[in-house]
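**Student:** Show me the folded form of this:
(one chain, ligands or ions: 1)
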Amino acid sequence: MVRPVYWEAGRVRLLDQRLLPQQERWLTLSRWEEVAEAIRTLQVRGAPAIGIAAAYALALAAEENSSREHLERAAAALRATRPTAVNLTWAVNKMLRRFQSVQDRPPQLVRQALIEDALRIHAEDIEANRRMGDLGAALLPLRARVLTLCNTGALATGGHGTALGVLRSAWAQGKLAMVYVCETRPVLQGARLTAWELQREGIPFRIVVDAAAGALMAHGKVDAVVVGADRIARNGDTANKIGTYTLAVLAAHHHLPLYVVAPSSTLDPQTPSGSQIPIEERDEEEVLTVQGQTLAPQGARAWNPAFDVTPHELVAAIVTEKGVLRPPYEASIPAAAA
Ligand code: MRU
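**Tutor:** Numbers count the residues shown, from 1 in each chain. Next up is the predicted model:
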């Protein structure tokens, strides 16, 4: 199984996700600013994976200079790279808390403690994914046909995946018949990355254009919609890749369950509801072009929100490593996040 980010000999190694599936190019980064730029430009992406990358970036920052001012400056810059995915802030804050607990030790020991903590965040994410895989697979019927969006696999996490981790586990248990993969415009994380992962595992899949989701459901080809999340508010409103809300409305119309799969680091009980979740707007060029090829007439403008918010009443269950959360989420989310 691919690991999109890892620590090796005091450096961060990243698989450049902008180039997949055409090219598998590994980057070796030795400065925290390079990791921040890799997060901003989607060389590494997916809420848990960017949290892990940011934790390693802080370990790099401490190698450079282990003063409080330096680490706090790096932490603030890392948090600002992608505002919606709360795992990023969660991992950065966890690293800062660790720093505060060891800051009086000699610099070499401070650096060692931060590296160990980043490695722990990474290992715990993989473990959480495996647990969510089992819990989520249990929700699916035999011979399940599942529709998913974006990339939520090993590439988007420490390894295994969230929604795609559930599909991996269901496949291993012989329960999965077909995955329908929304191509996920504008950056095509579904057609490029999810398809790449499923193909490597030998899991049967079909790519559909995002607009085909309704027709697919109307033709009776879907048993459940399974997606990841970038931030889940206290009431269960869920920010995820743009298009998730559309799938949720269609699923409700067709009486299909929509399951959200995310580790407890994606729960944000401090944010009361989806309307307070900051939604990242990305460059118009992502919509006006496809992989560098211009589509639209010269001078055309675009609107490019990277995420949307699915209201909690459209979410049948939230699968976390702490268990399957059901409504009322106002009760189950704060308990799982505690
Ligand atoms: O913009 P991206 O590619 O980082 O968006 C990723 C998603 O929306 C995923 O579905 C989400 O992070 C959950 S993944 C484990």
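**Student:** Show me the protein divided up by domain.
**Tutor:** Following the assignment in automatic domain parsing, the chain carries domains at 5-130, 133-337.
**Student:** I'd like the ones you listed as TSV, with mean pLDDT and mean neighbour count appended.
**Tutor:** (C-beta placed from N, C-alpha, C; glycine too.) Converted to TSV, those look like this (pLDDT from 0 to 100; neighbours: other Cβ atoms under 10 Å):
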stretch	mean pLDDT	mean neighbour count
domain 5-130	97	19
domain 133-337	98	20
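**Student:** Mind jotting down where the helices sit in the chain?
**Tutor:** Ranges of helices within the chain are 32-40, 47-64, 68-79, 86-102, 107-137, 163-172, 195-201, 213-218, 244-253, 285-288, 329-337, based on DSSP state H.
**Student:** residues in contact with the last one?
**Tutor:** If you take Cβ atoms under 8 Å, 6 or more residues apart in numbering as the criterion, helix 329-337 is touched by 232, 234-236, 264, 267-269, 312, 315, 318, 320, 322-323, 325-326.
**Student:** Helix 86-102 and that helix, what's the angle between them?
**Tutor:** Angle between the axes of helix 329-337 and helix 86-102 is 40 degrees (criterion: axes from the mean of the first three to the mean of the last three Cα atoms, to 10 degrees).
**Student:** Export only the CA atoms of helix 329-337, formatted as CSV.
**Tutor:** Output of helix 329-337 as CSV, limited to C-alpha atoms (Å, rounded to 0.1, in the frame of the first residue of the first chain):
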residue,chain,number,x,y,z
TYR,A,329,-24.9,14.3,16.3
GLU,A,330,-25.0,17.1,18.9
ALA,A,331,-24.6,14.3,21.5
SER,A,332,-22.5,11.7,19.6
ILE,A,333,-19.9,14.1,18.1
PRO,A,334,-18.7,15.9,21.3
ALA,A,335,-18.5,12.5,23.0
ALA,A,336,-16.3,11.0,20.3
ALA,A,337,-14.1,14.1,20.0
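**Student:** chain center to it: distance?
**Tutor:** Taking Cα atoms, centre = their mean, to the nearest Å, one finds the center of helix 329-337 at 20 Å from the center of the full chain.
**Student:** swap in the shortest one?
**Tutor:** Computed by Cα atoms, centre = their mean, the chain-centroid distance of helix 285-288 equals 21 Å.
**Student:** Ok, the longest one next?
**Tutor:** Going by Cα atoms, centre = their mean, the spacing between the C-alpha centre of helix 107-137 and its chain's C-alpha centre is 15 Å.
**Student:** how about that helix against the ligand, any contact?
**Tutor:** No: residues of helix 107-137 are not located near the ligand by Cβ under 6 Å from any ligand atom, the shortest gap being 8.6 Å.
**Student:** could you check the angle helix 47-64 makes with that helix?
**Tutor:** Using the same axes, to 10 degrees, helix 107-137 lies at 170 degrees relative to helix 47-64.
**Student:** Which strands and helices lie in contact with helix 107-137?
**Tutor:** Judged by 3 or more Cβ pairs under 8 Å, 6 or more residues apart in numbering; DSSP states H and E, helix 107-137 is in contact with strand 5-8, helix 47-64, helix 86-102, helix 163-172, strand 258-261, strand 317-320, strand 323-325.
**Student:** wait, which of those is closest to M178?
**Tutor:** helix 163-172 (10.1 Å; Cβ to Cβ).
**Student:** Output the helices of the chain in a markdown table, with distance to G10 appended to each entry.
**Tutor:** A markdown table is the format used below for the helices of the chain (distance: least, Cβ to Cβ, whole Å):
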| stretch | distance to G10 |
| --- | --- |
| helix 32-40 | 13 |
| helix 47-64 | 7 |
| helix 68-79 | 16 |
| helix 86-102 | 16 |
| helix 107-137 | 8 |
| helix 163-172 | 29 |
| helix 195-201 | 29 |
| helix 213-218 | 45 |
| helix 244-253 | 38 |
| helix 285-288 | 34 |
| helix 329-337 | 33 |
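**Student:** Of these, which is nearest I279?
**Tutor:** The nearest among the helices of the chain, by Cβ to Cβ, is helix 244-253 at 11.3 Å.
**Student:** Residues in contact with the closest one: which ones?
**Tutor:** Under the contact criterion Cβ under 8 Å, 6+ apart, helix 244-253 has outside partners 147, 149-150, 182, 210, 213-214, 217, 225, 227, 238, 257-258, 307-311, 314-315.
**Student:** Using PDB, list the CA coordinates for that helix.
**Tutor:** Extracted in PDB, the C-alpha atoms of helix 244-253 (Å, rounded to 0.1, in the frame of the first residue of the first chain):
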ATOM      1  CA  THR A 244     -20.700  16.000  -1.900                       C
ATOM      2  CA  TYR A 245     -23.800  18.100  -1.100                       C
ATOM      3  CA  THR A 246     -25.200  17.300  -4.500                       C
ATOM      4  CA  LEU A 247     -24.600  13.500  -3.900                       C
ATOM      5  CA  ALA A 248     -26.300  13.800  -0.500                       C
ATOM      6  CA  VAL A 249     -29.400  15.400  -1.900                       C
ATOM      7  CA  LEU A 250     -29.600  12.800  -4.700                       C
ATOM      8  CA  ALA A 251     -29.100  10.000  -2.200                       C
ATOM      9  CA  ALA A 252     -31.900  11.300   0.000                       C
ATOM     10  CA  HIS A 253     -34.200  11.500  -3.100                       C
END
